[in-house]
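**Q** using only what follows, build the 3D model:
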Amino acid sequence: MIRSILIIVFLVLFFLVGIVIWGVTWIIGRFDPYKQDLICLRAVQFAFRVVLLISGVKVEVYGEEHVPKGEAVLYIGNHRSLFDTVITYARCPRLTGYVAKDSMLKVPFLRIWMKRLHCLFLDRKDIKAGMKMILTGIDQIKNGISMCIFPEGTRSLTECETDMLPFKEGSFKMAEKTGCAIIPMAMVNTADIFEKHVPFVRRTHVILTYGEPIYVKELEKEQRKHLGSYVQETIRGMLQEQLKMNDKNNEDKEQLL
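**A** The predicted structure follows:
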């Protein structure tokens, strides 16, 4: 329970300090909007790294060299925990907006930071608003801002790490319309941090893998037609490899004991 309390205390302090950061970056933004965005990005990434440190989360990362550094991309990942955003956002090399539930708009100070960081909010009940959100995401990618979507739409809380809810095909329009790379992200053990024992935060070893870039124009016709399923199966294969790696690491530890 102590980790949960420390995280809450740290976030409250960060939000208070964030008022000062916000004021300073607002002034900077009058002269250099990009620098304003970059300062906000690095500030939040620092906060997320501290949250992971307090949580006792060790993140083992593979395939980060697959992420293009000089162009905007569309990150697509499986979703099992609130910490998925914390883990992945802390590693974004460039400005990146996340697609979040519109309920996040109800959190006053948080919504200000999220909007500043180019996050978009999805109203699942309003199709027209959803299309507008996708068009905004397309514009952001064209302007050099990466986007990240967890296309299951909500967290999958099944016991099996490779189980995922169907990927929503609309999530991939941003890549189809811009030609940007899709970067598959696979994570295992993230639900062990918090979701499996709410309200406690537990020390956890997480494996995060970035897959090779997927360019829609290079796919076969059938793969493009069912892009969501294609990317989901790619991530499922990555998860299976991670679980094999996890099992081998556990076996090696047992042998040492």
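**Q** and the end-to-end length of stretch 155-173?
**A** Stretch 155-173 has an end-to-end distance of 21 Å (CA to CA, to the nearest Å).
**Q** and that stretch, what's buried?
**A** Arg155, Ser156, Glu161, Thr162, Met164, Leu165, Phe167, Lys168, Gly170, Ser171, Phe172, Lys173 (16 or more other CB atoms under 10 Å). Using the backbone N, CA and C atoms, a C-beta is placed for each residue, glycine as well.
**Q** do you know the pLDDT at Arg111?
**A** Note for Arg111: predicted pLDDT of 85.
**Q** element containing the spatially most central residue of the chain?
**A** Geometric centre of the chain, nearest residue: Thr85, 4.0 Å, by CA atoms, centre = their mean. Using DSSP states H and E, Thr85 maps to helix 83-89.
**Q** remind me what the following helix or strand past that helix packs against, helices and strands.
**A** Scanning forward in sequence from helix 83-89 by DSSP H and E, the next helix or strand is strand 96-101. Judged by 3 or more CB pairs under 8 Å, 6 or more residues apart in numbering; DSSP states H and E, strand 96-101 is in contact with helix 83-89, strand 120-122, helix 127-142, strand 146-149.
**Q** return the most buried member of these.
**A** strand 146-149 (a mean of 25; mean count of other CB atoms under 10 Å).
**Q** that one pairs with which strands?
**A** strand 73-77 (parallel), strand 96-101 (parallel) (DSSP bridges).
**Q** mean pLDDT added to those strands, as a markdown table?
**A** Compiled in a markdown table, the strands paired with strand 146-149 are given as follows (pLDDT from 0 to 100):
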| stretch | mean pLDDT |
| --- | --- |
| strand 73-77 | 98 |
| strand 96-101 | 94 |
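**Q** now mean neighbour count too, for the ones you listed, in TSV please.
**A** Formatted as TSV, those follow (neighbours: other CB atoms under 10 Å):
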stretch	mean neighbour count
strand 73-77	25
strand 96-101	20
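**Q** between these, which one is nearest to Ile207?
**A** Among these, strand 73-77 comes nearest to Ile207, with 12.7 Å by CB to CB.
**Q** got the angle between the closest one and helix 127-142?
**A** Relative orientation of strand 73-77 and helix 127-142, computed by axes from the mean of the first three to the mean of the last three CA atoms, to 10 degrees: 130 degrees.
**Q** what's in contact with strand 73-77?
**A** 67, 84, 88, 96, 141, 146-151, 167, 171-172, 174-175, 178, 180-187, 213, 231, 235 (CB atoms under 8 Å, 6 or more residues apart in numbering).
**Q** repeat that for 7 Å
**A** 67, 84, 88, 141, 146-151, 174-175, 180-185, 187, 231 (CB atoms under 7 Å, 6 or more residues apart in numbering).
**Q** now stretch 131-151
**A** Under the contact criterion CB under 7 Å, 6+ apart, stretch 131-151 has outside partners 72-77, 79, 84, 88, 92, 94-99, 118, 120, 122, 167-168, 170-171, 173-174, 177-178, 180, 228.
**Q** quick one, helices of this protein?
**A** Listed in chain order, the helices of the chain (DSSP state H) span 2-29, 33-55, 83-89, 108-116, 127-142, 173-178, 221-225, 227-256.
**Q** circling back to that earlier point, apart from its chain neighbours, what residue comes closest to the residue nearest to the centre of the chain?
**A** The shortest distance from Thr85 to any non-neighbouring residue, by CB to CB, 6 or more residues apart in numbering, is to Tyr98 (6.1 Å).
**Q** surely that neighbour meets Cys119?
**A** Yes. Tyr98 lies in contact with Cys119 (CB atoms under 7 Å); the separation is 4.9 Å.
**Q** now do the same end-to-end measure for stretch 86-97.
**A** 13 Å.
**Q** repeat that for stretch 165-178.
**A** Using CA to CA, the two ends of stretch 165-178 sit 26 Å apart.
**Q** before I go, just wanted to say thanks for your time.
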